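S.K.: predicted structure and sequence below. I'll ask about it afterward.
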Amino acid sequence: MSTMFALVDCNNFYVSCERLFRPALNRCPVVVLSNNDGCIIARSNEAKELGIGMGEPFFKKKAFLQRHKVKVFSSNYGLYGDLSCRVMSVLQQLEPDVEVYSIDEAFVRLPAHAEQPVIQQGKKIKQRVDQCVGIPVSVGIGTTKTLAKIAASVAKKDQQCSGVFFLEDSVQKTILSTLEVQTIWGVGRQTSNTLNRHGIYTALELQQSDPAWIRKILGLPCARTVMELRGQPSIPLEATPSSRKSVVSSRSFRHPVTELSALKEAVSWFISLAANKLRNQELVAAQLHVFLSTSRFRTDIPRFSGSSMATLPQPTSTTSVLIKAGMQELAALYKKGYPYNKAGIMLTGLGRADMQQQNLFVPAESKRNTKLMAALDQINRRWGRDALRYASSGLQREWSMKQSWRSPAYTTNWKELPVVH
DNA sequence: TCTGGGGTCCTAGGACCC
DNA sequence: TCTGGGGTCCTAGGACCC
């Protein structure tokens, strides 16, 4: 038997995280909101049954949610990130080749000649995560990652398979013929529109089309998907994460912001967050991009969206150096009179901090900076990430996020540990 | 009033070179 | 009138993912 892939997918992950510490929520409809309490990004099954869609704006559903007594949470990424790590480490204890695909999903290579049938291996994974972490998962198994994804969606929907499904050859045709192309991993709206125009509507029809022709009209990624549907692995499992290529930090504001001074505070804060992330991974950045935009949903105001890039004198992760460059870009980008609702920064040209190439014309960055940053990070690790911060990131924070219903950081903050009587 | 944030890969087209 | 061709590198933008 050829090698098999399993996709392990946490069910309604953010909701499951909230429920873990509040079992009383187990039968209630629950939703979790995006940053800024903007959209609904996670729903319990009960909430899905009420017809609440993924990504729906919260303000449009607020009354409805109240009426149906749906419990609402702001997102709590500290908690979700920590529980995600626990799930992933359980998987890594079971199998050597695990690709952490997202915060709530992982691909696992199942041993080719195991004594256990794959379905048993899948059940074991599910049971172990349940026992060690308490987060329910679905497991889909197939001969390629794309087929494993499809199997996982069946596992999730079909009550009869109790969370584990193997997409065997014998059932493949039947299942693929009922799936719309849009539901396939890697096929989005644009691609599915194009496919539809060519008379291809189901996963089965896509599987049976000519990869060379698909390649011509839709490009390489889609041609790979066709191969994967045919059972020929074309998207390899990446057990060792490739090094990161960019770091982004951006937020929507609570209220529109027009003043340059407030934008400076926000951008300084975003830079502090991103620079810290850079240092945690022992990276430095060569470029800094600043971007700024008005709401893309409002038609009653003048609109603006733009970005500006600075090439740093030398790659760095020092907050003060980055803030200085960022303030210059922001000033160049800023136009008076627009109600901005979002700003952000992106760091690119990332390289390892210990392998920097020195610039002939610029003195090497002082050791003082490195030590200062280490001290800053240590203090903030201990006392909270904004215990010590740059004055330029402000105290008033008119622009800060809305987060009205955040649960405690049960597992990552000593002050917020759950209390047992 | 109020519509997320953080990523990756691919492709087309421009600039530049010989 | 007629005005090469091919290669590389870089960037912006599109599409997709969760």
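M.R.: Yep, that arrived. Numbers count the residues shown, from 1 in each chain, chains lettered A, B, ... in the order given.
S.K.: quick one: average pLDDT of the host helix or strand of residue A:261?
M.R.: Residue A:261 belongs to helix A:260-280 when assigned by DSSP states H and E. On average, the pLDDT along helix A:260-280 is 95.
S.K.: need the CA coordinates for the helix or strand following that helix. PDB is fine.
M.R.: Downstream of helix A:260-280, the next assigned helix or strand under DSSP H and E is strand A:283-294. Below are the C-alpha coordinates for strand A:283-294, written out as PDB (Å, rounded to 0.1, in the frame of the first residue of the first chain):
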ATOM      1  CA  LEU A 283      15.500  37.300  12.300                       C
ATOM      2  CA  VAL A 284      16.300  40.700  10.900                       C
ATOM      3  CA  ALA A 285      14.400  42.600   8.200                       C
ATOM      4  CA  ALA A 286      15.800  44.500   5.200                       C
ATOM      5  CA  GLN A 287      12.600  46.400   4.200                       C
ATOM      6  CA  LEU A 288       9.800  48.000   6.100                       C
ATOM      7  CA  HIS A 289       6.400  48.700   4.400                       C
ATOM      8  CA  VAL A 290       3.800  51.000   5.900                       C
ATOM      9  CA  PHE A 291       0.200  50.900   4.600                       C
ATOM     10  CA  LEU A 292      -2.800  53.000   5.300                       C
ATOM     11  CA  SER A 293      -6.400  52.800   4.100                       C
ATOM     12  CA  THR A 294      -9.900  54.100   4.500                       C
END
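S.K.: strands paired with strand A:283-294, and their directions?
M.R.: strand A:305-316 (antiparallel), strand A:340-348 (antiparallel), strand A:351-352 (antiparallel) (DSSP bridges).
S.K.: average pLDDT for the last one?
M.R.: Taken as a whole, strand A:351-352 has a mean pLDDT of 92.
S.K.: tell me if it is near DNA strand C.
M.R.: No: judged by CB under 7 Å from any atom of the strand, strand A:351-352 makes no contact with DNA strand C; its nearest approach is 14.1 Å. No exception for glycine: its C-beta is placed from N, CA and C like everyone else's.
S.K.: and DNA strand B, is that strand touching that?
M.R.: No: against DNA strand B, strand A:351-352 shows no contacts by CB under 7 Å from any atom of the strand, the least distance being 13.1 Å.
S.K.: the helix or strand immediately after that strand in the chain - contacts with which helices or strands?
M.R.: On the C-terminal side of strand A:351-352, the closest following helix or strand by DSSP H and E is helix A:367-383. Applying 3 or more CB pairs under 8 Å, 6 or more residues apart in numbering; DSSP states H and E, one finds that helix A:367-383 contacts helix A:260-280, helix A:319-333.
S.K.: for residue A:249, which of these is the nearest?
M.R.: helix A:260-280 (4.1 Å; CB to CB).
S.K.: give me the buried positions along that closest one.
M.R.: A:262-279 (16 or more other CB atoms under 10 Å).
S.K.: and that helix with strand A:340-348, angle?
M.R.: Angle of helix A:260-280 versus strand A:340-348, following axes from the mean of the first three to the mean of the last three CA atoms, to 10 degrees, is 30 degrees.
S.K.: now do helix A:260-280: which elements does it pack against?
M.R.: Counting contacts by 3+ CB pairs under 8 Å, 6+ apart, helix A:260-280 is packed against strand A:246-257, strand A:283-294, helix A:319-333, strand A:340-348, helix A:367-383.
S.K.: and the ones you listed: which comes nearest residue A:354?
M.R.: Across the helices and strands packed on helix A:260-280, closest to residue A:354 is strand A:283-294 (CB to CB), at 9.4 Å.
S.K.: and the closest one with strand A:246-257, angle?
M.R.: Going by the same axes, to 10 degrees, strand A:283-294 makes 30 degrees with strand A:246-257.
S.K.: could you give the angle of strand A:283-294 to helix A:319-333?
M.R.: Using the same axes, to 10 degrees: strand A:283-294 against helix A:319-333 is 30 degrees.
S.K.: chain center to strand A:283-294, what's the gap?
M.R.: Distance of strand A:283-294 from the chain centroid (CA atoms, centre = their mean, to the nearest Å) equals 19 Å.
S.K.: give me the residue from the stretch 151-300 of chain A nearest DNA strand C.
M.R.: In the stretch 151-300 of chain A, the residue that lies nearest DNA strand C is residue A:188 (2.2 Å; CB to the nearest atom of the strand).
S.K.: sorry, wrong one. I was asking about the stretch 1-150 of chain A.
M.R.: residue A:102 (3.4 Å).
S.K.: residues in contact with that residue?
M.R.: Residue A:102 makes no contacts at all, as judged by CB atoms under 8 Å, 6 or more residues apart in numbering.
S.K.: which segments of chain A make up each domain?
M.R.: A:4-10+A:80-229, A:13-76, A:246-393 (automatic domain parsing).
S.K.: the helix holding residue A:261 near DNA strand B at all?
M.R.: Yes: using CB under 7 Å from any atom of the strand, helix A:260-280 reaches DNA strand B at residue A:277.
S.K.: likewise for stretch A:220-234?
M.R.: Yes: judged by CB under 7 Å from any atom of the strand, stretch A:220-234 and DNA strand B are in contact via A:220, A:221.
S.K.: tell me, how many neighbours does the residue lying closest to residue A:388 once chain neighbours are set aside end up with?
M.R.: Nearest residue to residue A:388 in three dimensions, chain neighbours excluded: residue A:379, at 4.9 Å (CB to CB, 6 or more residues apart in numbering). Residue A:379: 12 surrounding residues under other CB atoms under 10 Å.
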